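Asks: The amino acid sequence is not available; the structure is as follows:
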């Protein structure tokens, strides 16, 4: 399972790093991509050695992961980001977004008829069913409400992309008790 994560300046660090770390722990083939080799988070934490989007074919991945944070303003305006998100939804691939990120999916019309969550104050009428839950899964769509649910969001991605056995192994290794 190949997972593509998109981050840009202003990403919410925990919404990115908790899933990234747990996905790598689970053995996921995770590529973190952006327009620059260094990306500055919302709280001035920098990620370096990022894969450049123009060096990969985003169509070669099975899952798209989009953390939230103030970079959502860029996400809403970027035609490239819209192209990537539309490709994943239109090809029935797994799409995961947390906090502000699901609002981009909604803006692009991909939440119609779906159950989803997002940062509560950012919810608009996206044509789907908003659930005030930490994590919501509807088919190949995984959404999460906020930074408080970053780890649960990561668990949902691991379960969906790699299955219960891998998730249980991760839980065992980090001493997570259900």
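Replies: That came in fine, so what should we check first? The structure presented is a predicted model; accordingly, all values stated were derived computationally and were not measured. Numbers count the residues shown, from 1 in each chain.

Asks: When you work out contacts or count neighbours from here on, use the C-alpha atoms and nothing else.
Replies: Will do.

Asks: And the contacts of the helix or strand bottoming out on mean pLDDT in the chain?
Replies: When the helices and strands of the chain are scored by mean pLDDT, DSSP states H and E, helix 72-77 comes last with a mean of 93. The contact list for helix 72-77, computed with Cα atoms under 8 Å, 6 or more residues apart in numbering, reads 8, 11, 81-82, 100-101, 104.

Asks: between those residues, which has the most around it?
Replies: Ranked by neighbour count (other Cα atoms under 10 Å), these have residue 100 at the top, with 29 neighbours.

Asks: Name the nearest residue to that residue, sequence neighbours excluded.
Replies: Leaving aside its sequence neighbours, residue 100 sits nearest to residue 68 (Cα to Cα, 6 or more residues apart in numbering; 4.8 Å).

Asks: now the helices for the protein?
Replies: For the chain, the helices defined by DSSP state H occupy 13-25, 72-77, 79-90, 101-107, 150-162, 164-173.

Asks: mean confidence for the fifth one?
Replies: Confidence over helix 150-162 (mean pLDDT, whole number) is 98.

Asks: got the angle between it and helix 164-173?
Replies: Relative orientation of helix 150-162 versus helix 164-173 (axes from the mean of the first three to the mean of the last three Cα atoms, to 10 degrees): 140 degrees.
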